[in-house]
Structure formats: C-alpha cells, structure tokens
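*Asks:* this is the structure alone, sequence omitted:
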C-alpha cells in the first residue's frame, strides 16, 4: 500500500510540474545550438575567456531548472492545503521519502542534460575536461542545498524565503570566508593557491563532495521527519 501511495505522490508531481522538465529540454537544445553556432566565430574569439566562462555557466543553469520544481510544488501543495490531504493518506516517512526521491530524480535529470551540453561544448573546443568534474560536484551540492530547504519551506510556507535563508547562511558562513582565504593565499603564496585550485578541479574532489552531500541529505531527512511529526504543515 505504501509503495502505491509513493508512486501516486511521484506521479502527481510529474503531472503538475511537467513544464519545468519541458523547459529544461528546450533550454538544453537551445544551449547546444548556441554552442554549435560559435563554430562560425573566428578561432581566437572561440577561445576568449568570456566564451569559456559562458561554457561553464550555461550548463550549470540546467542543474537548477528541474530542482526548482520540487520546492515550488511543495509550496503550492502547502498553500492549497493539498499537503495536509496527502498526509492523511500516507505516513510521514512515505511523504519524506517521496520528497527525497523527487529531489534525486530532478538532480539526476538536470545533471544528464547539463552533461549533454558540456559534451557538445567540449567536442567543439570551447570547454575543457574540468567541466565533467565540476558538473557532478555542483549537482550534488545544489541537490543537497535544495534538500536542506525542504523543511524550511514547510516552516516558512515559502520556497523563496527558504532558499533566501539558506543562501544567506551559505554565503556568510562558507562562501565569504573562502573568498577571504582565497585572496590571502593568492596574494601571499600564489603557488599554494594554484595547488588548491588544481586539486579542486580534479576528479579527487568528487568523493569528499559526495560524502558532504550524503551527510546533508541524511541530516535534513531526519529534520524533515521531525518537522512533519509536529503537524501543521499547511
């Protein structure tokens, strides 16, 4: 019975939010076409730093589009009180597992589409091989961050407020200190700084990234369960 309920939760989600996946597919096709069009540019312009930067940013956006659907769907269910209706038919654990599976599926979908764009850009010659390390690492991080926003979305009744709160915490507690440290290393010991950058760009960064993401997923799964047990979801 619980398995059937879980399938129902997932089926409802994909029916309601199919536009996000359609949009991601359209974006992927447009991004690939844009990359192919760069072949018409002079070789010197193709190797321009601006083009290189865009070849990283454009695929990264694809990681976000499908993930956005999960929290938006949860917010919509809370505001329509549909979430309370679902929780009368399924256990809290089934509801939490449904949210987790939706998050992981959307993360995987975004990564697959981003990797398609990255492969096109790499084949054309406007992106180097480090993008194939960056994308899986960023997919794991963005998926874990979105998952951390799930209990906050329930608490605040808003995906936007939850995302802003988590973003501020990450920015102040993690990104700002890293930027300060990077500036210090870059000024005082450029060889050490370049060694760190080289390590971050290598495949070895994936294992610690996945471990951190797994820890966040596990921790916030239990936080979500505790929040659901308190009731008053809507």
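*Replies:* Looks like it came in fine. Source: prediction; values computed, not measured.
*Asks:* so what's the residue minimising distance to the centre of the chain closest to, chain neighbours aside?
*Replies:* For the chain, the residue nearest the mean C-alpha position is residue 142 (2.9 Å; Cα atoms, centre = their mean). With sequence-adjacent residues excluded and distances taken as Cβ to Cβ, 6 or more residues apart in numbering, residue 142 is closest to residue 63, at 5.1 Å. C-betas here are computed from N, CA, C, even on glycine.
*Asks:* the residue nearest to the centre of the chain is in contact with residue 67, isn't it?
*Replies:* Yes - contact criterion Cβ atoms under 8 Å: residue 142 and residue 67 qualify, at 6.2 Å.
*Asks:* shared neighbours of the two, anything?
*Replies:* 107, 110 (Cβ atoms under 8 Å, 6 or more residues apart in numbering).
*Asks:* what comes up buried for the helix or strand that contains residue 26?
*Replies:* Per DSSP states H and E, residue 26 falls inside helix 18-37. If you call a residue buried by 16 or more other Cβ atoms under 10 Å, then helix 18-37 has these buried ones: 20-21, 24, 27-28, 31-32, 35.
*Asks:* swap in stretch 53-69?
*Replies:* 54-56, 58-60, 62-69.
*Asks:* leaving out chain neighbours, which residue sits closest to residue 166?
*Replies:* Closest to residue 166 by Cβ to Cβ, 6+ apart is residue 149, at 5.2 Å.
*Asks:* can you give me the neighbour number for the one you found?
*Replies:* 26 (other Cβ atoms under 10 Å).
*Asks:* against residue 156, how distant is it?
*Replies:* Going from residue 149 to residue 156 by Cβ to Cβ, to the nearest Å gives 9 Å.
*Asks:* which neighbours do the two share?
*Replies:* Counting by Cβ under 8 Å, 6+ apart, the residues touching both residue 149 and residue 156 are residue 162.
*Asks:* so in this protein, where's the weakest helix or strand by average pLDDT?
*Replies:* None of the helices or strands of the chain scores lower by mean pLDDT, DSSP states H and E than helix 190-200, at a mean of 56.
*Asks:* what is the subsequent helix or strand relative to that helix?
*Replies:* helix 206-229.
*Asks:* can you tell me what sits against that following helix?
*Replies:* Contacts for helix 206-229 (Cβ under 8 Å, 6+ apart): 87, 92-93, 95-96, 99-100, 133, 136-137, 140-141, 143-145, 147-148, 150-151, 154-155.
*Asks:* can you list the weak-confidence ranges in this protein?
*Replies:* 1-3, 43-49, 178, 181-203 (pLDDT under 70).
*Asks:* okay, buried residues for the top helix by length along the chain please.
*Replies:* Using DSSP state H, we find that the single longest helix of the chain is helix 92-124. Using 16+ other Cβ under 10 Å as the test for burial, helix 92-124 gives 92, 94-100, 102-103, 105-107, 109-111, 113-122, 124.
*Asks:* same question for stretch 149-167.
*Replies:* For stretch 149-167, by 16+ other Cβ under 10 Å, it's 149-154, 156, 158-159, 162-163, 165-166.
*Asks:* equivalent analysis for stretch 225-234, please.
*Replies:* In stretch 225-234, counting by 16+ other Cβ under 10 Å, buried: 227-228, 233.
*Asks:* coming back round to it: and the angle for the helix or strand containing the residue nearest to residue 166 with helix 206-229?
*Replies:* In the assignment (DSSP H and E), residue 149 maps to helix 131-156. Calculated by axes from the mean of the first three to the mean of the last three Cα atoms, to 10 degrees, helix 131-156 forms an angle of 10 degrees with helix 206-229.
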